[in-house]
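Peer 1: sharing a model that was predicted from the sequence below.
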Amino acid sequence: MPHNSYSNLSDDELLILLQDNSQVAFESIYDKYWSKLYLCAYNILRDRLAAEDIVQEIMVQLWVKRSSQNIKKLGPYLYQSVHFQVYKYIKRHHVHQELHELKEYAVDNEAESNLMLMEINERLEVGITSLPEKCKMVFNLSRKEHLTTKEIATLLNITPKTVENQLTIALRKIRVYMGHIISLSVYFFVF
């Protein structure tokens, strides 16, 4: 089948062909989704190279794991993959960069940093006490007791997704309460 005729196939048909090792089907998926996925990643990261790397990695994994993956809907799967990889990138790169900068600042200004950390700890505690009870409990179990999402879910008899949602709510409220950079420094220095 010529390459241009693959562009008329549905995602489901392309997935079937991809699982049968069709490189042309993969190229059609690549052509159809690459720029959309890149824009999705770029709109969050605002980093061209990182967005390109993320989409490339997703496409490589799609090809490498073509016969072993059980993808129900191609578009949602690819967009979810982008969001997951962007989250991992942010967690791994941006936060570590800010942590490094904060540590350099702390070394350069140790006395001032100690005062700042004391103030941040006080503000954090006030922020935590202002959280709804369930958010507060989940936040403390996660950040102070260092329990995993699954452990918290089991302990509180709730789903892991509920734990993630409660952590998201807690972190969002604390970030608003304390300001973005302060919440990042608290996350790494206090816990």
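Peer 2: Right, received. Where do you want to start?
Peer 1: CA only for contacts and neighbour counts going forward, please
Peer 2: Will do.
Peer 1: so what touches the lengthiest helix in the chain?
Peer 2: The longest helix of the chain (DSSP state H) is helix 23-45. For helix 23-45, contacts defined as Cα atoms under 8 Å, 6 or more residues apart in numbering pick out 3, 6-7, 11, 14-15, 17-18, 48, 50-52, 54-55, 59, 63, 75, 78-79, 82-83, 86, 90.
Peer 1: filter these down to the buried ones, PyMOL style.
Peer 2: Provided next is the PyMOL selection string for whichever of the contacts of helix 23-45 are buried by 16 or more other Cα atoms under 10 Å:
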select buried, resi 6+7+11+14+15+17+18+50+51+52+54+55+59+63+78+79+82+83+86+90
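Peer 1: rewinding a little: list the buried residues for the longest helix of the chain?
Peer 2: Neighbour count says helix 23-45 has 24-30, 33-34, 37-42, 45 buried, by 16+ other Cα under 10 Å.
Peer 1: so Asp11 sits right up against Lys73, yeah?
Peer 2: Yes - Asp11 lies in contact with Lys73 (Cα atoms under 8 Å); the separation is 7.5 Å.
Peer 1: I figured Leu15 hits Lys72, correct?
Peer 2: No - the criterion here is Cα under 8 Å, and Leu15 misses it with Lys72 at 9.0 Å.
Peer 1: low-scoring stretches of the protein, by residue?
Peer 2: Applying pLDDT under 70 to the chain flags the ranges 1-5, 94-117, 120, 177-191.
Peer 1: can you pull up the most central residue in it?
Peer 2: The residue lying closest to the centre of the chain (Cα atoms, centre = their mean) is Tyr87, at 1.8 Å.
Peer 1: element containing it?
Peer 2: If you go by DSSP states H and E, Tyr87 is part of helix 74-89.
Peer 1: cool, Arg123 as well?
Peer 2: With DSSP H and E as criterion, Arg123 is part of helix 110-129.
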